[in-house]
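**Q** Dropping the sequence and predicted coords here.
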Amino acid sequence: MHLSPVLTAVRNARVVDPGSATVSEPRDILLHEGRITGIAPPGTAGTGADGLDAGGRMVLPGLIDAHVHVTASTADLATLGDTSPYLVAAHAQRLLHGMLARGFTTVRDAAGADHGLAEALDRGLFVGPRLYFGGKALSQTGGHGDVRGPGTQVLDRHACCPHLSVVCDGVSEVRRAARDQLRTGADHVKVMLSGGVASPTDRVDSTQFSDEEIRAIVEEAEAADRYVLGHAYTARAVDRGLRLGVRSIEHGNLIDAGSVALFREHDAYLVPTLVTYDRLEAEGARHGLPVASQRKIGQVLAGGLDALRLATEGGVNVVFGTDLLGEMQQHQSTEFRIRARVVSSAEVLRSATTTAARLLRAEGELGVVAPGAHADLLVVDGDPLDDVTVLADPAHALHTVLTGGRPVVDDAGLVGNV
């Protein structure tokens, strides 16, 4: 595998600070062993071949997508468990390459990716974004992670089957299931707090797991110094999760003003995923989404933008997520365009950088261009602070993508044999 060298500088860069929504005059970004060591006056870095000239373009921190499914090569999730894990891994490598080419240098997998994929990336066996993984999500019988149809009785619990979820019931079972994911080094534990679109037998407006079960999962995650993210749509399901200690709510399309108050009280995070409903409605059937799931899309699609506006205006920690499945993952960057309909460009950019980094407990290391941070950088054409939708067209907006100081994507595509 041919890789480009690690750089020592990005010269002539207008550095974007998403937190303050400001951009600097041209500066040299100094790098050492994949980290940023300084932001210096122009000319400091010299003109050596081990530096990159940004040509006065804006340089952003690498983007973060906090809700992906890198092993979901199809929208028909029930079939994943019957797929060879080797084939799943091959698809995951391709999907991760695509994310990197769109400027996402860090992703948080919200069910499916395991320690093996994370280790492969860490060891450089293939090139992709930094991966925060949680293993399998936890679902009750008949919950959002139970992919059996109403007439199916068999449930294959083999750990190597690449299902996105594990089914567990009762306090003892959910503790064991949470501990089993944490045992593998998981960065978080996901729990299904309500019904969803892609599951065959539950209602979107249902609540799932008992209070005691949810508390047990939260206790196990906190004991391991990790946290719980919860799939939920309705205010009832979201509010219940927040009161029981869930730190990150995924989707939340049907929240209300009471939910916003709880988010703020608990300093919790909301990760809307609007593009997935847009794409599921447009092309889900073509990519294997079952008919029963197609009928549910309208329930959650309409409320998503209103929820995003309500949460942003209410001061909630809002983070960028997409939740796309299969070949629909190519539309990942469209989330920027959808969010920009109701919130400012600066807010959208923060959701994919500084706020996302806080959620990942990587503040100061990710989501910023500052000394001490990873040298995960985007050299962009255009001004995403003025119009964040430029990032919705990465093929034209991205001049260069660096991870750990190494150029991995340029305006001609992936660099080297990655």
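**A** Arrived safely, thanks for sending. Residues are numbered from 1 along each chain as shown.
**Q** partner residues bridging the nearest residue to residue 136 once chain neighbours are set aside?
**A** Excluding the flanking residues, the one nearest residue 136 by CB to CB, 6 or more residues apart in numbering is residue 166, at 4.5 Å. C-beta coordinates here come from the backbone N, C-alpha and C atoms, glycine included. Following DSSP bridges, residue 166 is listed with bridge partners residue 138.
**Q** what's the distance between the one helix or strand residue 13 maps to and the middle of its chain?
**A** Using DSSP states H and E, residue 13 sits within strand 9-17. Centre-to-centre, strand 9-17 and its host chain are 25 Å apart (CA atoms, centre = their mean, to the nearest Å).
**Q** Against which helices or strands is that strand packed?
**A** Packing partners of strand 9-17 (3 or more CB pairs under 8 Å, 6 or more residues apart in numbering; DSSP states H and E): strand 22-32, strand 51-53, strand 58-61, strand 377-380.
**Q** Tell me which of these sits nearest to residue 88.
**A** Across those, residue 88 has its closest neighbour in strand 377-380 (28.8 Å, CB to CB).
**Q** Output the helices and strands packed on strand 9-17 in JSON lines; the columns should cover mean pLDDT.
**A** Putting these into JSON lines (pLDDT from 0 to 100) gives the following:
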{"stretch": "strand 22-32", "mean pLDDT": "96"}
{"stretch": "strand 51-53", "mean pLDDT": "93"}
{"stretch": "strand 58-61", "mean pLDDT": "98"}
{"stretch": "strand 377-380", "mean pLDDT": "98"}
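**Q** Output the below-cut-off pLDDT ranges for the protein.
**A** Within the chain, the ranges that satisfy pLDDT under 70 run 1-2, 49, 147-161, 197-202, 283-302, 411-418.
**Q** Spatially central residue in it, please.
**A** By CA atoms, centre = their mean, the chain has its centre lying nearest to residue 66, at 2.1 Å.
**Q** residues in contact with that one?
**A** Contacts for residue 66 (CB atoms under 8 Å, 6 or more residues apart in numbering) come out as 107-108, 110, 248, 271, 319-321, 356, 359-360.
**Q** Residue 265: which of those residues is nearest?
**A** residue 248 (15.1 Å).
**Q** And for that closest one, the neighbour number?
**A** As a burial measure, residue 248 scores 24 neighbours (other CB atoms under 10 Å).
**Q** and it, what are its phi and psi?
**A** Residue 248 adopts backbone torsions of phi -130, psi 120, taken as degrees, to the nearest 10.
**Q** Work out for me the element the nearest residue to it once chain neighbours are set aside sits within.
**A** Leaving out its chain neighbours, the residue that sits closest to residue 248 by CB to CB, 6+ apart is residue 229, at 3.9 Å. Using DSSP H and E, residue 229 falls within strand 228-234.
**Q** Report the distance from that strand to the chain centre.
**A** The chain centre lies 14 Å from the centre of strand 228-234; the measure is CA atoms, centre = their mean.
**Q** Residue 47: neighbour count?
**A** 9.
**Q** And residue 266, by the same measure?
**A** The burial count assigned to residue 266 is 14, neighbours taken as other CB under 10 Å.
**Q** residues contacting the closest residue in space to it that isn't next to it in sequence?
**A** Residue nearest to residue 266 in three dimensions, not counting chain neighbours: residue 242, with 5.3 Å by CB to CB, 6+ apart. Taking CB under 8 Å, 6+ apart, we find residue 242 in contact with 249, 259, 262-263, 265-266, 268.
**Q** Determine the three-state secondary structure at residue 242.
**A** The local conformation at residue 242, judged by DSSP: H, G, I helix; E, B strand; the rest coil, is helix.
**Q** How much space separates it from residue 304?
**A** 19 Å (CB to CB, to the nearest Å).
**Q** got the contact list for the residue nearest to residue 248?
**A** Counted by CB under 8 Å, 6+ apart, residue 229 has contacts 110, 134, 188-191, 246-250, 271.
**Q** Go ahead and confirm residue 174 touches residue 216.
**A** Yes. Using CB atoms under 8 Å, residue 174 is in contact with residue 216, at 5.4 Å.
**Q** tell me, how many neighbours does residue 142 end up with?
**A** Neighbours of residue 142 (other CB under 10 Å): 18.
**Q** Tell me what residue 231 is bridged to.
**A** Going by DSSP bridges, residue 231 forms beta bridges with residue 192, residue 250.
**Q** That one: what's it in contact with?
**A** Counted by CB under 8 Å, 6+ apart, residue 231 has contacts 110, 137, 144, 190-194, 196, 250-251.
**Q** Please identify which pair of the residues you listed lies farthest apart.
**A** Across these (CB to CB), the longest gap, 14.5 Å, separates 110 and 194.
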